[in-house]
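> I'll drop the sequence and a predicted model, then ask my questions.
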Amino acid sequence: MGVVARTGVPDRHSEVLAQQSTDMPPIAYAAVAPVLIVLVAACLGVLVEAFVPRRQRWAVQVALSLLTVVCAGAALIRHAREINTGGTTFADTVAVGPATLFLWGTLLALALGAILLIADRSIEPGGAFVAETNAASGGTASRHPADAPGAASAEVMDRASASVVGMRTEVFPLVLFSLGGMMVFCAANDLLTMFVALEVLSLPLYLLCGLARRRRLLSQEAAVKYFLLGAFASAFFLYGLALLYGYAGSVKFSDIADATAGSLRSDTLLFAGLGLVVMGLLFKGSVGPFHLWTPDVYHGAPTAVTGFMAACTKVAAFGGLLRLLHVAFRASSWEWHWVLWSVAVLSMVIGVVSGLTQRDLKRMIAYSSIAHAGFLMVGAITLTERGLSATLFYLLAYGFTTLAVFGTIGLVRTSEGEATHLSDWAGLAKRSPVVATVFTFLLLALAGIPATSGFMGKFAVFSAAFSAGMGPLVVIALLASALAAFIYLRVIVLMFFNDPAPDGPTVSVPGAFTTAAITLGVVVTLLLGLVPMLALDWASVGGFVS
Amino acid sequence: MLDPYIPLVLMFALAFGFAAFSVAIAPLVGPRRYNKAKLDAYECGIEPSPQPVGGGGRMPVAYYLTAMMFILFDIEMVFLFPYAVSADALGLYGVVAVILFILTFGFADLYVWRRGGFDWD
């Protein structure tokens, strides 16, 4: 009996398989070309690492990365001109619509700036990343003194590492992989694709955080913290995914949306699942009570990588969150609305109050990003067309400003690396009026002063939220942004009205790459502040498709 | 109703009972010869916690790379094996997908090979 049953099973199994249609799903190559270009280039980058001689690697990788982003941008623009409503592809796992295209454009533009910052070798000789090994044959990574565990004190490690010219060029493929993951994340049409994209964007970021040339221990600590907490958040996401599958019987956004629109299924599964999935996303966007990793990681990571994380990861996380809420959970918004309402308030309060007490510039900007995440949440939970386009605009504006902020922070240095303590920035205007002015402008944009993109972003988001009937939340947000202005004004006063310390830091003259990145950020910040309709029109072309 | 589960429950009970029995009976009937090794955490002699640096207590880090590579190839097999079982049902699409998978995996292998990840010394 038992033998018969056992031999019966494989036959039935293969019959079932044979019945399923396994034809190649139609793929709209024009629509997904930007993502494919980025991911293929990332693979090419790995091959470059394997076969190009060490001396030429940096040049080849920088050229490849910049070319990739430009080509992907060109493919995106070409497709955006033809597209009307968008659609799904890859067997409904990826949906490309107007809002997704806007997010992709934002990500690519920010990545261009971030790659420029990462590629810079003029400020720190050889680049801001851990040095390439000195062995003639290009041996394994562990030979470098800076990597030997327990070999020397942090200072000796720093000095040994800083004396070697040349950097680990694996950074560039890692950034491209991460960028590809972010782009898929904003377009994912089911939770499993979203999870895979989440991992593709996260894993390279964990690595990038640990690759700073100076302050190795701090950087490695940041990487480990980010990795452990990130893995934890991914587990939450996955568990929520399982519960939502139990609720809707499918992981597709559209099926979940159908299931939530009037059914007699268990609400417990729905809200537990939604809560866990959203928690995973809020973690990536460093929102509210899920922000605890943010200051440490922003502080410890190489500044260029921090810029990449602060700008691009924020866009990707909020892009994914917006898509999820708009496409899958719009019908059930009445029940979960208040939870995210309070998350937004918590995020603003935590960001502003903690930001006021910080003494380190990178940590201060980290808390500022938590407060901004709260403002973004205000726009994300309106669930109106206007709220969506306002949030997309805010993401674009905030991304460029914060990228330029981190680019500028990297310029002020002592002999031991970047000087990020606030006291080091006292009287900076007397040493370098240009850098101080640029930084002041960027801080004012973060604070949301008129004539900057920050003001336009906040105005768009708050007015959209107000017209969606969220008056009390808008009042809280206005109070928070008024308080947040003190964070930035404190730095401005310090730079302009204090005397510099006699042995203070020097301001490096940035090379072409960093200059280009900071200029890009400043110009976009100014332009969007003066003519916001440039981007606001694009952002309001249409919503998400599924 | 629970018929198919009764053997499973019995199995668990048996396993638990055997473990408890072994632990309980060993001190009663086993020989007692005390020595230094008896006080170690593991009687095979491996020290569970790191020893002081300089006392020859370092672990060779090469193990790490080997273990990582083992896991990676293992994962590749995990995906290839189910494909091989149902290759004819999956048709051309399956072939293309698997070739793409092996190719991208191969890029990483090439990188590790060129950077000396497979050299023991």
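It's in.

> when you work out contacts or count neighbours from here on, use the C-alpha atoms and nothing else.
Noted.

> ends of stretch A:85-98, how far apart?
Taking CA to CA, to the nearest Å as the measure, stretch A:85-98 stretches 7 Å from start to finish.

> quick check, it touching chain B?
No - using CA under 8 Å from any CA of the partner chain, we find that stretch A:85-98 stays clear of chain B, coming within 12.4 Å at best.

> strands of the chain, start to end?
No chain specified, so I'll use chain A. Secondary structure of chain A (DSSP state E): strands at A:87-89, A:94-96, A:412-414, A:417-418, A:506-507.

> and the second one, average pLDDT?
Averaging pLDDT along strand A:94-96 gives 90.

> excluding its backbone neighbours, what's nearest A:G543?
Excluding the flanking residues, the one nearest A:G543 by CA to CA, 6 or more residues apart in numbering or on different chains is A:A99, at 5.1 Å.

> ok, the residue lying closest to A:G407 once chain neighbours are set aside - contacts?
Among residues not flanking A:G407 along the chain, A:I518 sits closest, at 6.0 Å (CA to CA, 6+ apart). Shown in contact with A:I518 (CA atoms under 8 Å, 6 or more residues apart in numbering or on different chains): A:G113, A:L403, A:A404, A:V405, A:G407, A:T408.

> can you tell if the longest helix seen in chain B touches chain A?
Longest helix in chain B, counting residues (DSSP state H): helix B:87-114. Yes - if you take CA under 8 Å from any CA as the test, helix B:87-114 does meet chain A, through B:89-94, B:104, B:107-108, B:110-112, B:114.

> quick check: the nearest residue to A:A257 once chain neighbours are set aside vs chain B, distance?
Of all residues not flanking A:A257 in the chain, A:A328 sits nearest, at 4.4 Å (CA to CA, 6+ apart). Here A:A328 is placed at a distance of 29 Å from chain B (CA to the nearest CA, to the nearest Å).

> just checking, A:A328 touches A:S250?
No - with contact defined as CA atoms under 8 Å, A:A328 and A:S250 do not form a contacting pair (11.6 Å).

> which residues are in contact with both of those two?
Jointly contacting A:A328 and A:S250 under the rule CA under 8 Å, 6+ apart are A:I256.

> and the two? Which one has more around it.
The residue with more neighbours, out of A:A328 and A:S250, is A:A328; 25 against 17, by other CA atoms under 10 Å in any protein chain shown.

> who's in contact with that one?
With contact taken as CA under 8 Å, 6+ apart, A:A328 is in contact with A:F253, A:S254, A:D255, A:I256, A:A257.

> just the helices in chain B please.
Ranges of helices within chain B are B:6-29, B:62-85, B:87-114, based on DSSP H.

> mean pLDDT and mean neighbour count added to these, as JSON lines?
JSON lines is the format used below for the helices of chain B (pLDDT from 0 to 100; neighbours: other CA atoms under 10 Å in any protein chain shown):
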{"stretch": "helix B:6-29", "mean pLDDT": "92", "mean neighbour count": "11"}
{"stretch": "helix B:62-85", "mean pLDDT": "88", "mean neighbour count": "13"}
{"stretch": "helix B:87-114", "mean pLDDT": "89", "mean neighbour count": "16"}
